[in-house]
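1. Could you work out the structure for the sequence below:
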Amino acid sequence: MSMEYLLSILGPMLEGMETTILLFALAIVTSIPLGFAFTFMVRSRIKPVVWFAGAYIYVMRGTPLLLQMLFVCFGLPVIPVIGEFLVMDRFVAACVAFTLNYAAYFAEIFRGGLLAIDKGQYEAAKVLGLSRWQTTTRIVLPQMLRIALPAVSNESITLVKDTALLYAVAVPELLHFAQTAVNRDFTIMPFVLAGVLYLLMTLVLTVLFKALERKFKFE
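-> Have a look, this model is predicted:
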């Protein structure tokens, strides 16, 4: 296998890698805040809010991401009356599905982080005269983030690999170009190269989160 051939397929695969990275970035930026919101909804004192958040998390974690993506892409447009207003570009539909799915997982991760905080922290904050907002932002959230960071790191790496599901809705990402090259050239080298590119992306994330973990550990 010549270097010239590898370079010829690398260009399109890097183009697909841009789509992969874009989906990852959009999903992370939107799903983490939404996950926070659902975490606090589950802990709300308003029962309907708790029931809604709990049901949402159960459904999103209990059904495959691929099914959710297909539903958003092809199911929403056929809903009577409102379907015509829910037609989206396939990449946008995939972003919506990824955001909704990963928000549920992040919500559970953050909830676990909150449960790991000793109740004495809340009592100490009350003794010091801190308001509920001050207690949450200055004491609870920093500790929760430190506890949840390893799980967030793992989920983020899973998200990178799950971007390959874009292939199912005909969005040309990294795996799409690898599969195209394999079918055209009858060689598995494009798959090997795609694997290397995925490993590079996950390596960057691993190094980044390890640095964040060290920072939170010593602060």
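
2. Setting the sequence-adjacent residues aside, check what's closest to V50.
-> S44 (5.5 Å; Cβ to Cβ, 6 or more residues apart in numbering). Every residue, glycine included, has its C-beta placed from N, CA and C.

3. brain fart, M144
-> G113 (3.9 Å).

4. Kindly provide the distance from the residue nearest to V50 to M88.
-> Look at S44 and M88: by Cβ to Cβ, to the nearest Å, they are 30 Å apart.

5. Can you tell me the SS state at A53?
-> Here A53 is recorded as helix under DSSP: H, G, I helix; E, B strand; the rest coil.

6. number of nearby residues for the nearest residue to it once chain neighbours are set aside?
-> Leaving out its chain neighbours, the residue that sits closest to A53 by Cβ to Cβ, 6+ apart is M41, at 3.7 Å. Using other Cβ atoms under 10 Å, M41 has 18 other residues around it.

7. Next, work out how far apart the residue nearest to V50 and F52 are.
-> S44 is 10 Å from F52, by Cβ to Cβ.

8. Over to F209?
-> F209 sits 31 Å away from F52, going by Cβ to Cβ.

9. And for A94?
-> Look at A94 and F52: by Cβ to Cβ, they are 25 Å apart.

10. Likewise for I28?
-> 24 Å.

11. who has more neighbours, these two?
-> Using other Cβ under 10 Å, the more surrounded residue of I28 and F52 is I28, with 20 against 15.
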